[in-house]
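> need a structure here:
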Amino acid sequence: MTSRLSYRSEIRRARARVATGSRMLETAFGPIEYAEAGEGPPVLVIHGAGGGFDQGLDIGEGLLQHGFRVIAISRFGYLRTPLPKDASPAAQADAHVAVLDALEIPRCVVFGVSAGGPSAMQLAIRHPDRVTSLILMVPAVYAPRPDAETPKRMSALGSVVMKMTLRSDFLFWLALRFAPQATTRMILGTPPELLTHADFTERARAKRVLDHILPVSSRRLGLLNDGAVVPSLPRFELERLETPTLIISARDDLYQTFVGSRYSAEHMPNARFIGYRTGGHMLVGHEQNTTKEIVAFLRSRKPQRASAAGVNATVTAQRSQSASACGVLSDPSSLPID
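Numbers count the residues shown, from 1 in each chain. Okay, here's the model as predicted:
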């Protein structure tokens, strides 16, 4: 009985939270939900799986403190943005442009996170004149694999369980409350032990991300679409993506974004890669430094090209003083950048 009462209270708050603070735009791609906050240079934040405009605002909080205007959209299938027949990254990118047109924003920074990465990249490829800078944080991107290796897919049983859970806010709530380590690993893509040893601020941030997935039933179609699109992402035309780009990931990200992130940076003409040895998909322990790097990147907009040779050389040298002089993060858990 106590659990049921707690659930009812929390789901009421979750539904009230996503029912306010956003607006709807009528576009050629259908209605699109968005919210904005702050004043200054505009940043279009494209949320990850399980998100919506609310997750976008959460992600953009650090930028608000540094004088940026955050525009957070709900991607196809999330909250009040319906899922169209064509919900590909390319179609989503064109819909992003429709949002910019409606808000009379000629150009802006584009910030794609996790499953929001593919449409952010497509936006920069298809509409380069609309993007001043591109930030990709733990992005879902193509990664080269040995010929014999195929992308990992969920088992049939796992797929059935997931679909049942996504239809039930109560089942999802139960998982959050009574299987915290499993949800940290499976939903946040982060080794649970990282949060066990993290400070209060980081643990609270992770809890907020999980809590803000509720109501999951309102995000079900978007999650299912991401589950169909992300595992089979093709290689985009990286060489065409000339927009100044910053890509950030962690080697122990359980969604395995590290290899693809570094590969993308190596093949883009104007990209910089920041990698951490630990942190998981949540980049635990690196939030402040990541915000600092993003703000510095946006203010300078002069990234250096990443190359396979340069990356490997920096790995070898990272513990030396010369590595610091080359631009490697002073955090000892960081991997090479530039």
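
> ok, which stretches of the stretch 101-250 of the chain are strands?
108-113, 131-137, 245-250 (DSSP state E, counting those that start in this stretch).

> Could you point out the longest helix of the chain?
In the chain, ranked by residue count with DSSP state H as the criterion, the top helix is helix 2-19.

> Is P82 within a helix or a strand, and which one?
Using DSSP states H and E, P82 is not contained in any helix or strand.

> my read: it touches E33, true?
No. Counting by Cβ atoms under 8 Å, P82 does not reach E33; the two are 9.6 Å apart. Where you see a C-beta, it was placed from the backbone N, CA and C, and this is true even at glycine.

> of these two, who's got more company?
E33 (21 against 17; other Cβ atoms under 10 Å).

> how far off helix 2-19 does the host helix or strand of the more buried one point, in degrees?
According to DSSP H and E, E33 maps onto strand 30-37. Here the directions of strand 30-37 and helix 2-19 differ by 90 degrees (axes from the mean of the first three to the mean of the last three Cα atoms, to 10 degrees).

> The residue nearest to G60 when sequence neighbours are not counted in helix, strand or coil?
Excluding its sequence neighbours, the residue lying closest to G60 (Cβ to Cβ, 6 or more residues apart in numbering) is V70, at 3.4 Å. With DSSP: H, G, I helix; E, B strand; the rest coil as the basis, V70 sits in strand.

> check contacts around V70.
V70 is in contact with 36-38, 43, 45, 56-57, 60, 63-64, counting by Cβ atoms under 8 Å, 6 or more residues apart in numbering.

> Looking at strand pairing, list the partners for it.
A37, V43 (DSSP bridges).

> just to revisit the earlier point, against which helices or strands is the longest helix of the chain packed?
helix 53-64, helix 169-178 (3 or more Cβ pairs under 8 Å, 6 or more residues apart in numbering; DSSP states H and E).

> Going by neighbour count, list what's buried in that helix.
7, 10-11, 14, 18 (16 or more other Cβ atoms under 10 Å).

> Stretch 257-276 too?
Buried residues in stretch 257-276 (16+ other Cβ under 10 Å): 257-268, 270-276.

> Repeat that for stretch 61-76.
In stretch 61-76, counting by 16+ other Cβ under 10 Å, buried: 62-64, 66, 68-76.
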